[in-house]
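Q: return atomic coordinates for the entry below.
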Amino acid sequence: MLSKLKSYQVLNATATPYSDEQILALLGSEPTYERGFCLLMKQYKERLYWHIRRIVLVHQDADDVLQNTFIKINKGIHRFQGNSKLYTWLYRIATNEAISHLKSSTKKATTSLDEGADWLAGKLRADPWFDGDALQQKLQEAIAQLPDKQKIVFNLRYYQEMPYEEMSELLGTSVGALKASFHHAAKKIETAIQNATG
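A: Model (predicted):
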């Protein structure tokens, strides 16, 4: 069932003219910093947007979180030391911003975790930018029911096909634990979709 839904995945398959090293070199010099940051945004904006949107679900929220993410990146890029890949560092910031936004907005709107998942699913249904069919909506609603960590692991593995080793670096969790987390998430989602479709 999940493989049928995978066609909904949005990928940015365009070739990029600049490597991360070239962008970082531009960012490392004051005269070329602005150009480097524009290239970084151009190269990663779409991938970060979809990563964030799969966590917060709603276009407007994803847009806001993406802006906050790039503000944090702009403030912190000088601290990037190259101990991880650039996109791993960017995804970590985007993930943290998305989770913070979700926790903050859920806390304001609800009093329990169950209410929070229902509230998020309701926001998805009301989002005019959501253009998926009924099955894709059920998938997103099922993902919304997952605990935050499982949700992120599922999204990174299912939509972005991120290797577990890179995910381990991003989330600071062992490969074995991530595999187990993905397996549990996939089972919960399949069960939720089967229950929702009768």
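Q: low-confidence ranges, this protein, go.
A: Applying pLDDT under 70 to the chain flags the ranges 1-16, 106-134, 197-198.
Q: quickly list the domain ranges of it.
A: 15-111, 132-198 (automatic domain parsing).
Q: output the ones you listed as CSV; include the columns mean neighbour count.
A: For glycine as for every other residue, the C-beta is placed from the backbone atoms N, C-alpha and C. Formatted as CSV, those follow (neighbours: other CB atoms under 10 Å):
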stretch, mean neighbour count
domain 15-111, 16
domain 132-198, 17
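Q: quick one: secondary structure of Leu146?
A: What DSSP: H, G, I helix; E, B strand; the rest coil gives for Leu146 is coil.
Q: isn't it right up against Ile189?
A: Yes - shown here, Leu146 and Ile189 form a contact pair, counting by CB atoms under 8 Å, at 7.4 Å.
Q: what is in contact with the two at once?
A: Taking CB atoms under 8 Å, 6 or more residues apart in numbering as the contact rule, Leu146 and Ile189 both touch Phe154.
Q: now do the residue of the chain most remote from its centre against Glu21, distance only.
A: In terms of distance from the mean C-alpha position of the chain, Pro31 ranks first, at 32.0 Å (CA atoms, centre = their mean). Distance, Pro31 to Glu21, using CB to CB, to the nearest Å: 18 Å.
Q: give me the element Ile189 is part of.
A: Under the criterion of DSSP states H and E, Ile189 resides in helix 175-197.
Q: again with Leu139
A: Following DSSP H and E, one finds Leu139 within helix 134-144.
Q: tell me the angle of that helix relative to helix 175-197?
A: Here the directions of helix 134-144 and helix 175-197 differ by 130 degrees (axes from the mean of the first three to the mean of the last three CA atoms, to 10 degrees).
Q: and the next helix or strand past helix 134-144?
A: helix 148-158.
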